[in-house]
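Colleague: Got a predicted structure plus its sequence, pasted below:
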Amino acid sequence: MDMNVLYNVPHAFALSDLISTYFFLLGVGGGCSLLSVWATLTGKTDYKPIAKLGAIAVVALFSFAPTLLIVDLGQPLRFWFLMVRGNITSPLTWGSFFLSAYPLFASLYIIFLLLGKTKIYKKLAVALLPIAIGYVTYIGFIVSMAISASAWNTPIMPAYFASAAMVSAIALMTMVGIVRHWILSKKWTLEQREADFNIIIKLTRFASLFLILNLFFVFTQQVYMRFASEWAATAAELMLKGKLGMNFGVFSVVLGTIIPLLVFAIPKVNKQLALLFVTMLFAEIGIFVMRFAITVGTQHMPIM
């Protein structure tokens, strides 16, 4: 006689709401660093305001983000345990290294950037670049190794999280730049206003590139999960149409990605600052929801 045994074993969430918010803030800060470093290394004077805006955003975000991690850990000394008893093959160990090296190099870079010491901060930008890349991608490596979580265990996670970090960073800097333009442009000359306006438009063009990349990662993740296994296919369906659909499908994919791309593609509206501000706000919210839906929301699904 065949028998089907049904059982339910409750499991604790590996990643909490605090950690999801920490991932988001870490991505924004790391993305601002990468954008600032890119603006510095291009050597174009037009991009200097971008470099400074990014540097200031890094200071504001990094002063708050690690607090969430420490609070969630409950025992902050565990972080130092990873440093002294680390495993070079573990992404957690590499994450501890990047979390320790990033504030040091970023702080030195920002100080000399604001002081105008060109030769020094350009050298620091070169040193900061690989650290910032590791800073925004190590989380993706950590979650991608969770074999039992179908929505995490995909090889695109490091690149997906890095692309999301760039979108959130560009969205933040664009919104700050627009507010700055509204407040200060009356005191500027016509040439200064046009130069600042062009920087804002360039930022939205950069955002469109990473938004397209994000759509590619969403497509890739869905295809991979739907063909990986029956369990993974169910998880992929739930992300778009089930309980997570309102979060990931609507806020992240539609409002946070597709609508901004449509706005950027229409010539008659893609230079209206008020509309661009709202669009970038949608993109920012979309990335936050994406982080939350993937890291926390998917934990509501049974694990393998």
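Modeller: Perfect, thanks for sending it. Numbering: from 1, shown residues only.
Colleague: Going by C-alpha atoms from here, please, whenever you check contacts or count neighbours.
Modeller: OK.
Colleague: so what secondary structure elements neighbour the longest helix along the chain?
Modeller: The longest helix of the chain (DSSP state H) is helix 190-228. Applying 3 or more CA pairs under 8 Å, 6 or more residues apart in numbering; DSSP states H and E, one finds that helix 190-228 contacts helix 157-184, helix 230-241, helix 259-265.
Colleague: what about 10 Å?
Modeller: Packing partners of helix 190-228 (3 or more CA pairs under 10 Å, 6 or more residues apart in numbering; DSSP states H and E): helix 48-62, helix 157-184, helix 230-241, helix 259-265, helix 273-295.
Colleague: Next, give phi and psi for N270.
Modeller: The phi/psi pair for N270 (degrees, to the nearest 10) reads phi -80, psi 10.
Colleague: ok, now which ones touch it?
Modeller: With contacts defined as CA atoms under 10 Å, 6 or more residues apart in numbering, N270 is in contact with I201, T204, R205, P260, L261, L262, V263, F264, L276, T279.
Colleague: Now with 8 Å, please.
Modeller: V263, F264, L276 (CA atoms under 8 Å, 6 or more residues apart in numbering).
Colleague: can you tell me how far the last one sits from A169?
Modeller: Applying CA to CA, to the nearest Å, the value for L276 to A169 is 15 Å.
Colleague: Also W188?
Modeller: Separation of W188 from A169 (CA to CA): 26 Å.
Colleague: Those two: who's more crowded?
Modeller: The neighbour comparison of W188 against A169 (other CA atoms under 10 Å) goes to A169, with 26 against 12.
Colleague: Please name the residues that touch the more buried one.
Modeller: Counting by CA under 8 Å, 6+ apart, A169 has contacts G27, V28, G29, G30, G31, C32, L35.
Colleague: any chance of these in a markdown table, with secondary structure and neighbour count too?
Modeller: Shown next, in a markdown table, are these (DSSP: H, G, I helix; E, B strand; the rest coil; neighbours: other CA atoms under 10 Å):
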| residue | secondary structure | neighbour count |
| --- | --- | --- |
| G27 | helix | 31 |
| V28 | helix | 33 |
| G29 | helix | 30 |
| G30 | helix | 32 |
| G31 | helix | 29 |
| C32 | helix | 33 |
| L35 | helix | 25 |
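Colleague: Nearest to I156 among these?
Modeller: The nearest member of the contacts of A169 to I156, counting by CA to CA, is G27 at 16.0 Å.
Colleague: isn't V269 right up against L262?
Modeller: No: judged on CA atoms under 8 Å, V269 makes no contact with L262 at a distance of 9.8 Å.
Colleague: between those two, what contacts are shared?
Modeller: With CA under 8 Å, 6+ apart, V269 and L262 have no common neighbours.
Colleague: between the contacts of N270, which is nearest L209?
Modeller: Using CA to CA, the contacts of N270 come closest to L209 at F264, 10.5 Å.
Colleague: Cool, thanks, signing off.
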